[in-house]
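Engineer: Okay, predicted coordinates and the sequence, questions at the end:
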Amino acid sequence: MASFYIPLSGLDSDTTALNTIANNLSNMNTTGYKSQTVNFADLFYTQIGEEGSGNLLQQGAGVQTADIQAQFTQGSISSTGNSTDVAINGNGFFVLQNGAQNVYTRNGNFALSSTGNLTSQDGLDVLGYPAVNGVVNTNAPLAPVAVPVGQVQSPQATSTFGMTANLDSAAAVGATVPGQITVYDSLGASHIATVTYTKTANNTWNYSIALPAGDQTAAGTATNATGTLTFNASGALTSPVTNVSGIAFTGLTDGANSLSFTWNLLGSSGIPTITQVNASSAVTATTQNGFASGQYQSFTVGNDGTVTASYSNGQTMAVGKLALGVIANTQGLKQLGAGEYATTLASGNAAIGASGTAGVGTLQDGSLEQSNVNISQQFSELIIAQRAFEANSKAVTTFDSVVQETINMVH
């Protein structure tokens, strides 16, 4: 009766192939889905004799499913415009926290929880590197990526300011040039500070810094708010040769801490930003590092995985960085459904890294990776599997006819 078992093994394997193809086709539109392929292998052989030359006569026992491989090739990336959607372009998996175990996925169709955590569609936290005061620490343990939804960014008092200006060397002694800059106190309130330049002699200008009347109480004072600028015959600043520190205004009427800042007379390259040449006096640019409080508005994910929150005050701040896991043997992963995988002894543990580093792909915000199912290939394989199933079915019916004829011979 072995003749029945051989085609039955074929029918069983062909059924596995048909089911796998059906699963591929049903997941054509599943985000991040990886197509599967069934591979077959022959079963053991029985020696039934030898040829005269000594060659063995062996009879096979059928077929078996050798393995079902997932094809981890890159799926096409389509734009969605949703900031919670992130696609991986290249190698790696997003890392999700499932209790005490981490699981991995290519499905970047994320959502925000009520607490602002970035989660998968089944509620697992997306893990990444934490950020403190806008600085990401890639040496810290992974933690859920939290977006400050509904939160207010605290204000930052101005501690440095700079001014790019030219003072007309042809101006008369006593001429004044005002320059204004907006600075912020510890409560986030803005103040218009005025820097007044007064020419006292050739190549020499005094300056004084003042706040508007009413911004300070009667007891308020100004410290180090006056001084002298000296230029050489080429119009370059020669004194002071360093930035002016210790400028302070006390007794602010809104109850904020005293304003204390440094005037960066030297630019980032060390060249003075104040010049004195024969041209109209003008302040052309100002810089300062303070800002008012701001309400959270949105977030983006950079190519390197940095999650950046934007606030209504125009400020941005890094709040985390998505981590990616690289698996040495992806065929050894255990499929959990929902596009998620668990590592096994066969797959090995995931090597965690940041997007764009060696061996790790980059990220694309507002996009999703589509399934890599090739419909033309699947239909071709479907026809082949169908024909194989029909052939094995025919073998069963043929053997049935042979058995029936044998029984009839007995009777």
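Structural biologist: Done, it's in.

Engineer: backbone phi and psi for the residue nearest the centre of the chain, please?
Structural biologist: Residue closest to the average C-alpha location in the chain (Cα atoms, centre = their mean): Gly305, at 2.2 Å. Main-chain dihedrals, Gly305, degrees, to the nearest 10: phi 90, psi 0.

Engineer: thought it was touching Val319?
Structural biologist: No. Using Cβ atoms under 8 Å, Gly305 is not in contact with Val319; the gap is 11.9 Å. (C-beta placed from N, C-alpha, C; glycine too.)

Engineer: before we move on, the earlier item: wait, what's in contact with the residue nearest to the centre of the chain?
Structural biologist: Gly305 makes contacts with 128, 321-324, 354-356, 363, as judged by Cβ atoms under 8 Å, 6 or more residues apart in numbering.

Engineer: Could you give me the ChimeraX syntax to select whichever of those residues are buried?
Structural biologist: This is the ChimeraX syntax for the buried subset of the contacts of Gly305, where burial follows 16 or more other Cβ atoms under 10 Å:
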select :128,321,322,323,324,354,355,363
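
Engineer: so which of the contacts of Gly305 comes closest to Ala171?
Structural biologist: Lys321 (52.3 Å; Cβ to Cβ).

Engineer: and that closest one, bridged to which residues?
Structural biologist: Tyr129, Thr306 (DSSP bridges).

Engineer: Report whether the expected contact of Phe293 with Asn313 is present.
Structural biologist: One thing to correct before we go on: residue 293 is Ser, not Phe. Yes. With contact defined as Cβ under 8 Å, Ser293 and Asn313 form a contacting pair (6.6 Å).

Engineer: Quickly list what's touching both of the two.
Structural biologist: Gln153.

Engineer: returning to that earlier point: which members of the contacts of Gly305 are the farthest-apart pair?
Structural biologist: Checking the contacts of Gly305 with Cβ to Cβ, the most distant pair is Gly128 and Gly356, at 13.9 Å.

Engineer: Where is the longest helix in this protein?
Structural biologist: Of all segments of type helix in the chain, defined using DSSP state H, the longest is helix 375-410.

Engineer: can you redo the contacts of Gly305 as TSV with distance to Val301 and pLDDT?
Structural biologist: Output for these, formatted as TSV (distance: Cβ to Cβ, whole Å; pLDDT from 0 to 100):
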residue	distance to Val301	pLDDT
Gly128	10	97
Lys321	9	97
Leu322	7	98
Ala323	12	97
Leu324	12	97
Ala354	12	93
Ser355	9	92
Gly356	12	87
Leu363	6	97
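
Engineer: I'd like the contacts of Gly305 as CSV, with distance to Thr200 appended.
Structural biologist: Shown next, in CSV, are these (distance: Cβ to Cβ, whole Å):
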residue, distance to Thr200
Gly128, 58
Lys321, 53
Leu322, 58
Ala323, 60
Leu324, 62
Ala354, 56
Ser355, 57
Gly356, 56
Leu363, 58
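
Engineer: and of the contacts of Gly305, the nearest to Gly54?
Structural biologist: Once Cβ to Cβ is applied, the member of the contacts of Gly305 that ends up nearest Gly54 is Leu324, at 58.0 Å.

Engineer: Just give the closest residue to that closest one, not the sequence neighbours.
Structural biologist: The shortest distance from Leu324 to any non-neighbouring residue, by Cβ to Cβ, 6 or more residues apart in numbering, is to Gly92 (3.5 Å).

Engineer: What does the pLDDT read for the one you found?
Structural biologist: pLDDT, the model's per-residue confidence, is 96 for Gly92.

Engineer: Please shift the residue numbers so they start at 46 in all later answers.
Structural biologist: Sure thing, new numbering starts at 46, so read that last one as Gly137.

Engineer: Neighbours of it, how many?
Structural biologist: Neighbour count for Gly137, taken as other Cβ atoms under 10 Å: 28.

Engineer: same question, Phe155
Structural biologist: 24.

Engineer: Pull up the gap between it and Ala188, please.
Structural biologist: From Phe155 across to Ala188, the span is 16 Å (Cβ to Cβ, to the nearest Å).

Engineer: Kindly report the same for Ala363.
Structural biologist: 14 Å.

Engineer: Now do the shared contacts for these two.
Structural biologist: With Cβ under 8 Å, 6+ apart, Ala363 and Ala188 have no common neighbours.

Engineer: in what helix or strand does Gln114 lie?
Structural biologist: Using DSSP states H and E, Gln114 maps to strand 108-115.

Engineer: tell me which residues form a beta bridge with Thr361?
Structural biologist: Beta-bridge partners, per DSSP bridges, of Thr361: Ser355.

Engineer: re the thing from before, name the residues of the strand holding Gln114 that are buried.
Structural biologist: So for strand 108-115, counting by 16+ other Cβ under 10 Å, buried means 108, 110, 113, 115.

Engineer: and if you look at stretch 388-403?
Structural biologist: So, applying 16+ other Cβ under 10 Å, buried residues of stretch 388-403: 388, 392, 395, 397-400.

Engineer: How far off centre is it?
Structural biologist: Remark: stretch 388-403 is offset 17 Å from the chain centroid, using Cα atoms, centre = their mean, to the nearest Å.
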